[in-house]
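J.: got a sequence here, can you build the structure:
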Amino acid sequence: MRRRVAVRAGGAALRRFARMAPATAGGGVAALVAAALAIAPASAIGAVPPPVLPVRAAILIEQSTGEQLYGVDPDEQVPIASTTKLMTALVTLDHVHHLGQMFTAPDYYAAAVDSQIGLVPGERMSVHDLLIALLLPSADDAAEDLAFNVGGGSVDRFIGMMNARAQQLGLTNTHYSTPIGLDTPGNYSSASDLVKLASYDLAHSRFFARVVALPSAVLHTGSHTRYVLNRNDLVGRVPWINGVKTGHTSGAGYVLVGAGTRDGLTLLSAVLGTPSETARDDSTLALLEYGFANFRLVTPVRAGAVLARPTVKDRPGVRADVIAASSFTRVVEKQASVRVRVTVPDQIAGPLRRHALIGSAIVLVGHRVVARIPLLLAQRLPAVSPLTLAARFITRPTTLVLLVTLLGAVIGVAGVWRRRSRGRVAPGPRPA
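T.: Residues are numbered from 1 along each chain as shown. Below is the predicted model:
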């Protein structure tokens, strides 16, 4: 089978942001503030090569940015088995806001070979416990119970809600025909859609994030107490693994959406169509280890940070704070250098409104420009009044010297004129 493999290397996947030219404020000459903030590369012995995996499809992303770091046919539509229950959980959490609410199990019996917790028709269990049963042991009877009750007595109606939610989230390679994930025509997704959905679940439900990170749990509601184990056996066995969901059918093979966090970096992976549980786990660990070994998350510019302080015309000793309009976060190779070059006028003049565009901060990874962040004036800058300008002109030392000189000259001229006036003698009367 042909494989389309996409691996992020050499920064080639970095997107260029729209260019925004810095504006000159106050009519002055725009000066380049030479400069900049640098983020040193993390120490690394060398890049770890991407793994070769026994998968039908796979992907690795960084959670906060969604940036893809590795992929094998990530958009191919394939069977996904019980990772379908990631959407079953989301639709349930969307519609049930009190997890202590009790549901009555419908007339449904799971096949003996299916994963289940042994619910019997009419048994009452809390949504809280049903969701745990859905996510940890991947109980099919819990999925049917949730779908029937949230769907108002109709599993088909619930499936429609699943597909509507997939459209809302932009899961363009996903369609559901079951809340369970059995091999059913029309039930499929892709590696990229699965990690996008898992990322959304983790970010929008603390309950979901807490449950999928549990190695085991106790269900206290229902006809009797039940002890359940997480089928994702990497949870608890590998300290930094914190989710997410397994799946297996004959059509889908072994599937795992995984999550791990190290040093402030959270990565999500998906492997589909692996031949065994061992291959599923090994492929997941290989993907995550590859990501942690090769990449880091940097935020070289944060919204509101003061990045420049140009002087203000006609206001000696005064500087204006220029701040970043937005934050910028990026996944980069560990060996890459990250720099911020700030471009602002060397002097600005009022009047300028608050958040007037003053310049830009250019983020470079290596020699590649990856972002241009607008720089804004932090506070309004009023114009200097004419009286103030006149007073400042008059009180300047050079102006005072000139005035004294002029005054002295006027006084001197006046004195000469008076002396000359006194020296003139009026003529006397002529003799007869």
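
J.: gap between the nearest residue to Gly181 once chain neighbours are set aside and Leu234?
T.: Leaving aside its sequence neighbours, Gly181 sits nearest to Thr84 (CB to CB, 6 or more residues apart in numbering; 3.3 Å). Glycine gets a C-beta too; all of them are placed from N, C-alpha and C. Noted for Thr84: a distance of 20 Å to Leu234, by CB to CB, to the nearest Å.

J.: circling back to that earlier point, backbone dihedrals for the residue nearest to Gly181, please?
T.: Dihedral pair for Thr84: phi -50, psi -30, per degrees, to the nearest 10.

J.: can you pull the contacts of it?
T.: 176, 178-181, 187, 189, 247 (CB atoms under 8 Å, 6 or more residues apart in numbering).

J.: among those, which lie within strands?
T.: Gly247 (DSSP state E).

J.: Arg354 versus Asp321, what's the distance?
T.: Taken as CB to CB, the span from Asp321 to Arg354 is 11 Å.

J.: please say which of those two ends up with more neighbours.
T.: Asp321 (14 against 10; other CB atoms under 10 Å).

J.: now the helix or strand encompassing Met162: buried residues?
T.: Assessed by DSSP states H and E, Met162 sits inside helix 155-168. Buried residues in helix 155-168, counting neighbours by 16 or more other CB atoms under 10 Å, are found at 155, 158-159, 161-163, 165-166.

J.: okay, helices next: where are they in the chain?
T.: 85-95, 127-135, 140-150, 155-168, 191-204, 206-212, 277-294, 386-395, 397-423 (DSSP state H).

J.: His224: which of the buried residues of helix 155-168 is nearest?
T.: Val155 (25.5 Å; CB to CB).

J.: without its sequence neighbours, what residue ends up closest to the closest one?
T.: That would be Ala147: by CB to CB, 6+ apart, it lies 4.7 Å from Val155.

J.: what's the local residue count around the one you found?
T.: Neighbours of Ala147 using other CB under 10 Å come to 25.

J.: and Glu277, by the same measure?
T.: 14.

J.: related to what we said a few turns ago, which of the helices of the chain has the lowest average pLDDT?
T.: In terms of average pLDDT, helix 386-395 trails the rest of the helices of the chain, at a mean of 56.

J.: low-confidence ranges in the stretch 251-400 of the chain?
T.: Counting by pLDDT under 70, the stretch 251-400 of the chain shows low-confidence ranges at 385-396, 399-400.

J.: let me see the contact set for the nearest residue in space to Gly247 that is not next to it in sequence.
T.: Nearest residue to Gly247 in three dimensions, chain neighbours excluded: Ala81, at 3.0 Å (CB to CB, 6+ apart). With contact set as CB under 8 Å, 6+ apart, Ala81 has these partners: 181, 183, 247-249, 251-253, 255.

J.: again with Ile180
T.: Contacts of Ile180 (CB under 8 Å, 6+ apart): 82, 84-85, 88, 140, 143-144.

J.: can you check Ala58 too?
T.: By CB under 8 Å, 6+ apart, the neighbours of Ala58 are 70-74, 191, 269-272, 283, 287.

J.: give me that answer again for 7 Å
T.: 71-72, 191, 270-272, 283, 287 (CB atoms under 7 Å, 6 or more residues apart in numbering).

J.: can you select the buried ones among those for me in ChimeraX?
T.: If you want just the buried ones from the contacts of Ala58 in ChimeraX, going by 16+ other CB under 10 Å, the selection is:
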select :71,72,191,270,271,272,283,287
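
J.: at which residues are the strands of the stretch 201-350 of the chain located?
T.: Here the stretch 201-350 of the chain has its strands, by DSSP state E, counting those that start in this stretch, at 216-219, 226-229, 241-249, 253-262, 265-274, 295-301, 306-308, 311-312, 322-324, 328-333, 338-343, 347-348.
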